[in-house]
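>>> dropping a prediction and its sequence here:
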Amino acid sequence: MTQGADRSPGRRTVLGAAVLGTAALGVGGAGAADARERHSGHGSSYRDLPSPTVIGHRGASGYRPEHTIGSYQLALDLGAHVIEQDLVPTKDGHLVCRHENDITGTTDVAAHPEFASRKATKSIDGVGLTGWFTEDFTLAELKTLRAKERIPANRQENTLYDGRWAIPTFEEVLRWAEKEGRRRGRPVWLHVETKHPTYFRGLGLGLEKPLARLLRRYGRDRRNSPVFLQSFEPSSIERLSRLVSSPRVVLLSAAGSRPWDFTVAGDPRTVADLVTPAGLKWIASFAQGIGPTLDLVIPKDASGKLGTPTTLVRDAHAKGLILHPYTMRNENTFLPAEFRRGTDPNAYGDAFGAFQVYFATGIDGIFTDNADTGLLAAADFRG
């Protein structure tokens, strides 16, 4: 098959999804004062977002290189209710948007001979990695690099956009969100993750205080601000809860894993402990939601097919927590086995079918690389 024929969102799909997302948020002919109110986020709440909420995972990373302004813009244009950013620091303390501090696979750094000596081997949260890392570059140096597609074998057409965008700072994203919010007459919601916060704190590059300063500067530090703060390390969310009142989400990986801050602190609890009623009660003492891997909502069997849903949704809701699980993608290789179609792992499968099964569990939202697919699936689910 010709991948480009099915993979890029067509004009009709983009416009339809954008209209769908706008209608779901109630944007219409309100006056200028109401528009300013929505843009500032005052009087709004994460509870007022459409359900299921569609979160653009690293932007529209199914169609553009992730964590670029181009990816964020497309996700917003497609109609995503919330746009995600992952934050890592530079050597001089700026917060930039990258999924990892290892930028070997997401930038053209390897093609810059002036940075060849920066290549290093490090242990990041107990995992050995060799490459180039943001904490070894000043912001000015990072700005000489260009972003590229992270998984070109799966998303070959995304490589068309390699080199088109620079690495954005989080402050640039906040300015972009303000501009788009004014243009659209409603706030642009963000979902912001602190990456490897214990590791960076050990380098003197703590993430929470710089993040809180930016949130205060741009008026996103209140309990009704249009932003979610998230981390796989609960202690990072606890720290943020003492700095700002913005809604907070604890991310949860595989059941048998341990958050890295727990490992460093000698805390024996695993994710399996955190998804018990007692663990969820503890999370609810400093956070408003959880972001579990989809396998914690519906586990898969040995063949990769979906099994019986767990009680996580019910248990989390009983503690007042919302659930934003991750991550839905359109390609066969990322879908549960019963929703794959054909033999090409990079072709699209029955993503709509998979969305319906996950939505039926009662989750409040979902991260997806393909916001247009998620929005249409959510509309189908709501009937």
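Yep, it's here.

>>> just the terminal-to-terminal distance for stretch 312-332.
Counting by CA to CA, to the nearest Å, the length from the leading to the trailing residue of stretch 312-332 is 26 Å.

>>> meant to ask about stretch 158-173, not that
Chord length of stretch 158-173, first to last residue, is 21 Å (CA to CA).

>>> what are the buried residues along that stretch?
Applying a neighbour-count criterion of 16 or more other CB atoms under 10 Å, one finds 158, 161, 165-171, 173 buried in stretch 158-173. Bear in mind the C-beta positions are built from the backbone N, C-alpha and C, glycine included.

>>> restricted to helices, list the residues you listed.
Of the positions in the buried residues of stretch 158-173, 170-171, 173 sit in helices, assigned by DSSP state H.

>>> mean confidence for stretch 107-117?
Confidence over stretch 107-117, taken as the mean pLDDT, stands at 98.

>>> ok, residues contacting that stretch?
Residues from elsewhere that reach stretch 107-117, judged by CB atoms under 8 Å, 6 or more residues apart in numbering: 103-104, 118, 132, 137, 141, 144-148, 162-163, 167.

>>> and if we set it to 6 Å?
Taking CB atoms under 6 Å, 6 or more residues apart in numbering as the criterion, the residues outside stretch 107-117 that touch it are 103, 132, 145-148.

>>> quick check: end-to-end length of it?
Per CA to CA, stretch 107-117 runs 16 Å from first to last residue.

>>> redo the ones in helices among the buried residues of stretch 158-173 as JSON lines? Include distance to Leu321 and pLDDT.
Listed next are those as JSON lines, based on distance: CB to CB, whole Å; pLDDT from 0 to 100:
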{"residue": "Phe170", "distance to Leu321": "26", "pLDDT": "98"}
{"residue": "Glu171", "distance to Leu321": "30", "pLDDT": "98"}
{"residue": "Val173", "distance to Leu321": "26", "pLDDT": "98"}
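
>>> what about the closest residue to Arg155 other than its chain neighbours, distance to Trp165?
Excluding the flanking residues, the one nearest Arg155 by CB to CB, 6 or more residues apart in numbering is Glu149, at 5.8 Å. In this structure, Glu149 and Trp165 are separated by 11 Å, where distance is defined by CB to CB, to the nearest Å.

>>> again with Met328
Relative to Trp165, Met328 is positioned 24 Å away (criterion: CB to CB).

>>> give me the contact list for stretch 197-209.
So stretch 197-209 is in contact with 89, 124, 194, 233, 236, 239-240, 260-261, 264, going by CB under 6 Å, 6+ apart.

>>> cool, stretch 95-102 as well?
Contacting residues not belonging to stretch 95-102 are listed as 67, 85-89, 129, 131, 133-135, 167-170, 210 [CB under 6 Å, 6+ apart].

>>> so which of those residues sit within helices?
Counting by DSSP H, the contacts of stretch 95-102 place 170, 210 in helices.
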